[in-house]
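>>> Build me a model from this:
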Amino acid sequence: MDKDTKVFVSIYCKIYSDTFDDKMIDRLATGTEIYDFLMEDASHCFTEDGQIIPGDCNLWYLGCNEKFGELVLENKVWKWSFGESSFDNVEGFVIGIYKMGVITRQQYRALTDKIKGGRLIDNMYDIGAYLICKRDGIVWNKTENASKFRDEMKRFVGSIEQSYQQNGYRVYR
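Below you'll find the model as predicted:
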């Protein structure tokens, strides 16, 4: 691994009211900068009394958000729309940065472990509950909503598109 090699990346997804960190959009970055960003706490999970629940890494929001996003590595693009997020996209991106030799084997393993954890959660709204279970030593079971929230978002967006079309508007994707 060459610590100084920089590659073009763009890492973004829309969560909540556009609160995903934008420092990795359209830039050159080293493997360590990319790794640190993916593993960094997003700080979007809170207890009922407003305390931050640490550990909600940026990588998880890329794989299980309800809206849209993209991962770009040089000339390879993983892009998704409403209800189409997937850890397969994140895994493809991580494999790509590893094959380019910009992250170490240890960093690659840590990222793939986070992807495995993310697949267990699979819904950004369950990340806080997952972290509490993990902290308290409670076995985590994927929620029923994790298997439904993407389809619900697709239906919601589809109904909005249909409403616009019924009112004479054209909808372009």
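
>>> so where's the chain uncertain?
1-2, 149-166, 171, 173 (pLDDT under 70).

>>> Tally up the residues packed near Ser85, please.
27 (other CB atoms under 10 Å). Where you see a C-beta, it was placed from the backbone N, CA and C, and this is true even at glycine.

>>> I'd assumed it was in a strand, is it?
No - Ser85 is assigned coil when assessed by DSSP: H, G, I helix; E, B strand; the rest coil, not a strand.

>>> close enough to count as contact, it and Lys14?
No - applying CB atoms under 8 Å, one finds Ser85 not in contact with Lys14, separated by 10.1 Å.

>>> can you pull out the strands in the chain?
6-13, 27-30, 69-73, 76-80 (DSSP state E).

>>> Which among those is found nearest to Phe93?
Comparison of these against Phe93 by CB to CB identifies strand 69-73 as nearest, at 4.3 Å.

>>> Neighbouring strands - and their directions - for the closest one?
strand 6-13 (antiparallel), strand 76-80 (antiparallel) (DSSP bridges).

>>> Of these, which stretch is the most buried?
Across these, averaging neighbours per residue (mean count of other CB atoms under 10 Å) puts strand 6-13 on top, at a mean of 19.
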